[in-house]
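S.K.: Kindly return the folded structure for what I paste below:
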Amino acid sequence: QVQLVESGGGLVQAGDSLRLSCAVSGVAFSTVNLAWFRQAPGKEREIVAVVPISSSTYYGDSVKGRFTSSRDNTKNTLYLQMNSLKPDDTAVYHCAAKRGMWTTLRNTYNYWGQGTQVTVSS
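M.R.: Numbering: from 1, shown residues only. Next up is the predicted model:
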């Protein structure tokens, strides 16, 4: 059974940093593309970053230059380093995994974590 478990969310102030983690089990970690999505209240789930198996990391326009995502294939863990946080970054952050080609489309990802809340106060 594939499981993705996010951690590291919390309440921070604008300008602060946070690091999210996503522990992945039940699947050969090095064979799946990994992504972070986020969903704010009343909004659609949007792409934050994609860390493919062997290609460069993709970042959504709203986080480019502030967020960095990486994967540790020895720890089966995906990370999201978030710097210079803004109130607009407030959302539930989900990690997701898929085999095959990497995409930014949420409905192509087979496996999802429950999410971790990030709240940024002004």
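S.K.: Can you show me the strands along the protein?
M.R.: Remark: strands assigned in the chain by DSSP state E are 3-7, 10-13, 18-25, 33-39, 46-51, 58-59, 67-72, 77-82, 91-98, 111-112, 116-121.
S.K.: Now render those strands as CSV, adding distance to L105.
M.R.: In this view, the C-beta of every residue, glycine as well, is placed from N, C-alpha and C. What follows is these, written out as CSV (distance: least, CB to CB, whole Å):
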stretch, distance to L105
strand 3-7, 18
strand 10-13, 29
strand 18-25, 19
strand 33-39, 10
strand 46-51, 8
strand 58-59, 12
strand 67-72, 17
strand 77-82, 18
strand 91-98, 10
strand 111-112, 13
strand 116-121, 22
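S.K.: which residue is nearest the middle of this structure?
M.R.: W36 (2.2 Å; CA atoms, centre = their mean).
S.K.: Show me what that one bridges to in the sheet.
M.R.: Beta bridges link W36 to A49, C95 when assigned by DSSP bridges.
S.K.: residue contacts, it?
M.R.: Residues in contact with W36, defined by CB atoms under 8 Å, 6 or more residues apart in numbering, are 20, 22, 47-50, 69, 78, 80, 93-96.
S.K.: closest one to T104 among the strands of the chain?
M.R.: Comparison of the strands of the chain against T104 by CB to CB identifies strand 46-51 as nearest, at 4.4 Å.
S.K.: Contacts for that closest one next, please.
M.R.: By CB under 8 Å, 6+ apart, strand 46-51 touches 33-39, 57-60, 62-63, 67, 69-71, 78, 80, 93, 102-104, 106.
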